[in-house]
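S.K.: how would this look folded up:
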Amino acid sequence: MDYGSINIVNEDTTTNSNNSNSNSNSNNSNHKMLIHPTEEREETKTKKTIDGVPFEIPRSIDEFLEEAYESSSTTFSNVRYWLIILSLGLANSSDASEILSLSFVLADPTFETQMLHGDTASWRTRLLTAAIFFGMLVGGLVAGNASDLVGRHKILLCGLVCNAITGLCSALTTNVIQFSILRAIAGIGIGASIPPLFTLVAEVSPKSQRGFCVTIIAAFWMVGSLYIATLALLMMQYLQTDWRLFYVACAIPATISAILVTTIVPQSPRYWALQHQPRRALQQLQRLANSMSYTGPLLTMNDILYHYPPPPPAPTTTSTTTSTTKNNTSSSRLQIVTQPMKDFLHQTLDLYRNQSMRRTTIVLQVLWASICFGSYGMSVWIYTLFQMVHLQNIYYNALVFNLANLPANIISLWLMDRVGRRNMLLMSAFAAAIALLVCSYFSSFAMPSTTGVIVSASIYQGFTTIAWNAIDTISSEHFPTSVRSSGMGLCSASGRVSAMMAQIVNASIVNYPSLLLMISSISLLITGLAPFFLPRTDMANESLSDTIITDDEERTTFSADEDDDHDDDDVVSDVEEGSVHCEMTSLV
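M.R.: Next up, the predicted model:
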């Protein structure tokens, strides 16, 4: 691709007003190929020097999105942007629908008779509950890497279509083996949609609103859970419909989400920029800017190429013999098979490349594993536990249980960018663990306190929701763009392994509710402590990193930032004193 040359121009700020007007018109006409670091370009404020010549660094994608968002005069100006965020949120609600639907079906007497042969503690139940998490494990590993290689949008759409089709096909199964296979395929769809979903929302959000936007996406898990709980109450409690029709209705959110993602949601501009496709990156940024009703100066090719310089040209070789040509053809065919495997291995190894990356990845894996054991491990069995403590109306109490998500999400939206992600996770995980211990206490009586069980369980649900919102935000921010989706996929896969283990453990001790609740409580305590071992404590209002840097580069960057703080005043005065015309013909 021909990127062209880059010109950096510093105009004289001491000319008369006529010359200023002339320069302003010239700037507008050449805006797409020239960078003018004058006072009139307030959006480019960071100043550096090249060979002693001061100039202003072009705007980054984060700075442009922040500028576009802040320029909106009213909330209604951003309505199309928030439709994009809500469409991504609905995709998360479809995942919740697929996962939580099984918990209601397991409590259905007809399903228990037809598929489980009347034994909820048999191998059939363990196979069925573990199948979806096994699928999520595979989907998360494969789709996370694929999303970094072929794009977030495509993989997200594939996951949603997979969910919709398998949800409908689940209604046609006749035995637990068929049902488990389809649940595993549905799990692949869920696992494939989660990494690109949270990666995409983090990359299209202004940095001041990133925590808010990611929390909205995470909050739509509540929408999915309330949808399923209400659907179960209406269809299985009042209308007494078959569980098969219930599964057909559960596929509706995934179908609607696939349509909205196709028509409304853009691809990540950061992805195109890292793929050295600056024009496509600019197209997606234009689309985002239009959704915010932004009318200011757009990001230019100059800006993209400065922050994402093109790679050096590959050496060209010519084949001179027929045998060499045949060997190249054979090698190309073999490469079609082996290259995806190499890319997958390379992306995964990048997550452990240096000490900082390795520490980030391992801590986030522990974080996901502990929260999944304590939350997913409970979500499948909570309604069975309600039955065991003799709650009168399972579906009504399930609705109350899921309504606890509402105040939890409101608190998350309000405090995520104010209190910080780590503090939110610490407080919520510890509070959820305490709530489970209280629930264990109330369920241990010969005649369990039903009120105490449902209240403490609802408190647990609320604080677990806050913890999940914080984890989703932390995970989407701490990985660089080049491996962000791969990192999310690996963490998600670690969580699925833990969730599968939780299903096996919980199925074995389901007849001992107090023990089950205590084990889940210990897992949540680990969740609250894990973030303290991350290299970076919090990234609220910080720009996202795009590439992996070595430990030495990280120390050099930190030292350079300190020097820039000392020299900033000198650089500003140098810029204002004279006129400098500097041309950069290459960014490599």
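
S.K.: Please tell me how far the closest residue to residue 443 other than its chain neighbours sits from residue 520.
M.R.: In this structure, residue 443 finds its nearest non-sequential neighbour in residue 513, 4.7 Å apart by C-beta to C-beta, 6 or more residues apart in numbering. From N, CA and C alone the C-beta is placed, and that goes for glycine too. Separation of residue 513 from residue 520 (C-beta to C-beta, to the nearest Å): 11 Å.

S.K.: Those two: which is more packed in?
M.R.: Higher neighbour count among residue 513 and residue 520: residue 520, with 27 against 22, using other C-beta atoms under 10 Å.

S.K.: Could I get the full set of strands for the chain?
M.R.: Remark: strands assigned in the chain by DSSP state E are 6-10, 34-35, 47-50, 53-56, 580-584.

S.K.: re earlier: mind checking how far the residue nearest to residue 443 is from residue 61?
M.R.: Residue 513 sits 50 Å away from residue 61, going by C-beta to C-beta.

S.K.: Residue 86 now?
M.R.: For residue 86, the distance to residue 61 equals 22 Å [C-beta to C-beta].

S.K.: more neighbours, the two?
M.R.: Counted by other C-beta under 10 Å, residue 86 and residue 61 do not tie: residue 61 has more neighbours, with 27 against 16.

S.K.: got a list of what the more buried one touches?
M.R.: Taking C-beta atoms under 8 Å, 6 or more residues apart in numbering as the criterion, residue 61 is in contact with 269, 270, 273, 281, 285, 299, 307.

S.K.: Out of those, which is nearest to residue 408?
M.R.: residue 270 (30.1 Å; C-beta to C-beta).

S.K.: That closest one reaches residue 547, doesn't it?
M.R.: No: Residue 270 lies out of contact with residue 547 (C-beta atoms under 8 Å); the separation is 10.7 Å.

S.K.: Identify the contacts common to the two.
M.R.: What both residue 270 and residue 547 touch, as defined by C-beta under 8 Å, 6+ apart, is the set residue 481.

S.K.: which of those two has more neighbours?
M.R.: residue 270 (28 against 12).

S.K.: So which residues of the stretch 251-400 of the chain form helices?
M.R.: Taking DSSP state H, counting those that start in this stretch, the helices of the stretch 251-400 of the chain run over residues 252-263, 269-274, 278-291, 301-307, 322-350, 355-379, 382-388, 394-403.

S.K.: Where among the ones you listed is average confidence lowest?
M.R.: Among the helices of the stretch 251-400 of the chain, helix 322-350 has the lowest mean pLDDT, at a mean of 63.

S.K.: which residue sits closest to the residue most central in space within the chain in space, ignoring its chain neighbours?
M.R.: Here the mean C-alpha position of the chain is nearest to the C-alpha of residue 198 (C-alpha atoms, centre = their mean), at a distance of 1.5 Å. Sequence neighbours aside, residue 476 is the residue nearest to residue 198 in space, at 4.5 Å (criterion: C-beta to C-beta, 6+ apart).

S.K.: so the one you found touches residue 484, yeah?
M.R.: Yes: with contact defined as C-beta under 8 Å, residue 476 reaches residue 484; the gap is 6.9 Å.

S.K.: so what sits against both of those two?
M.R.: By C-beta under 8 Å, 6+ apart, the residues touching both residue 476 and residue 484 are 199, 202.

S.K.: list the contacts for the closest residue to residue 191 other than its chain neighbours?
M.R.: The shortest distance from residue 191 to any non-neighbouring residue, by C-beta to C-beta, 6+ apart, is to residue 139 (2.5 Å). Counting by C-beta under 8 Å, 6+ apart, residue 139 makes contact with 159, 187, 188, 189, 190, 191, 192, 193.

S.K.: Tell me how far residue 139 lies from residue 145.
M.R.: If you measure residue 139 against residue 145 using C-beta to C-beta, the figure is 11 Å.

S.K.: just residue 449 next, same as before
M.R.: In terms of C-beta to C-beta, residue 449 sits 48 Å off from residue 145.

S.K.: neighbour-wise, which of the two wins?
M.R.: Per other C-beta under 10 Å, whichever of residue 449 and residue 145 has more neighbours is residue 145, with 26 against 16.

S.K.: which residues touch stretch 530-540?
M.R.: 211, 356, 359-360, 363-364, 366-367, 370, 416-417, 420-422, 425-426, 474, 477-478.

S.K.: gap between the two ends of it?
M.R.: 18 Å (C-alpha to C-alpha, to the nearest Å).

S.K.: For that stretch, what does the pLDDT average out to?
M.R.: Rounded mean pLDDT across stretch 530-540 is 77.

S.K.: swap in stretch 166-178?
M.R.: Here stretch 166-178 scores 86 as its mean pLDDT.

S.K.: Other residues contacting that stretch?
M.R.: 98, 115-116, 124, 127-128, 179, 182-183, 185-186, 189, 244-245, 247-248, 250-251, 254.

S.K.: Just the buried subset of the residues you listed, please.
M.R.: Neighbour-count burial (16 or more other C-beta atoms under 10 Å) applied to the contacts of stretch 166-178 gives 98, 115-116, 124, 127-128, 179, 182-183, 185-186, 189, 247-248, 250-251, 254.

S.K.: Neighbours of the closest residue to residue 473 other than its chain neighbours, how many?
M.R.: Distances taken as C-beta to C-beta, 6+ apart place residue 214 nearest to residue 473, at 4.4 Å, with adjacent residues excluded. Per other C-beta under 10 Å, the neighbour tally for residue 214 reads 28.

S.K.: Contact partners for residue 214?
M.R.: 198, 201, 202, 205, 416, 469, 472, 473, 476.

S.K.: Can you tell me which of the residues you listed lies closest to residue 505?
M.R.: residue 472 (24.8 Å).

S.K.: Tell me who's in contact with that closest one.
M.R.: Here residue 472 is in contact with 198, 214, 215, 217, 218 (criterion: C-beta under 8 Å, 6+ apart).

S.K.: what do you get for residue 544?
M.R.: 62, 202, 203, 207, 270, 477, 480, 481.

S.K.: can you tell me which two in these are farthest apart?
M.R.: Most distant of these, by C-beta to C-beta, are 207 and 480, 14.8 Å apart.

S.K.: Between those two, which is the more surrounded one?
M.R.: residue 207 (22 against 19).

S.K.: any idea of the pLDDT on that one?
M.R.: Looking at residue 207, its pLDDT stands at 86.

S.K.: quick one: contacts for residue 488?
M.R.: Each residue near residue 488 by C-beta under 8 Å, 6+ apart is listed here: 140, 144, 194, 195, 198, 199, 475, 476, 479.

S.K.: which residues does the fifth one contact?
M.R.: To tie it back to what came earlier, the one meant is residue 198. Residues counted as contacts of residue 198 (C-beta under 8 Å, 6+ apart) are 214, 217, 472, 475, 476, 488.

S.K.: Check residue 226 too.
M.R.: 399, 402, 403, 405.

S.K.: Ok, residue 513 next?
M.R.: Going by C-beta under 8 Å, 6+ apart, the list of residues near residue 513 reads 385, 388, 389, 440, 443, 444.

S.K.: Tally up the residues packed near the second one, please.
M.R.: Other residues within reach of residue 388 by the criterion other C-beta under 10 Å amount to 16.

S.K.: what do you get for the fifth one?
M.R.: Residues within reach of residue 443, counting by other C-beta under 10 Å, total 23.

S.K.: Was I right to think it contacts residue 517?
M.R.: Yes: at 6.9 Å, residue 443 counts as touching residue 517 under the criterion of C-beta under 8 Å.

S.K.: Distance of the spatially closest residue to residue 206 that is not a sequence neighbour relative to residue 90?
M.R.: Spatial nearest neighbour of residue 206, chain neighbours left out: residue 69 (4.1 Å); criterion: C-beta to C-beta, 6+ apart. Distance, residue 69 to residue 90, by C-beta to C-beta: 22 Å.

S.K.: What about the closest residue in space to residue 260 that isn't next to it in sequence, how many residues nearby?
M.R.: If the residues on either side of it in the chain are set aside, residue 260 comes closest to residue 87, at 3.9 Å by C-beta to C-beta, 6+ apart. By the criterion of other C-beta under 10 Å, residue 87 has 18 neighbours.
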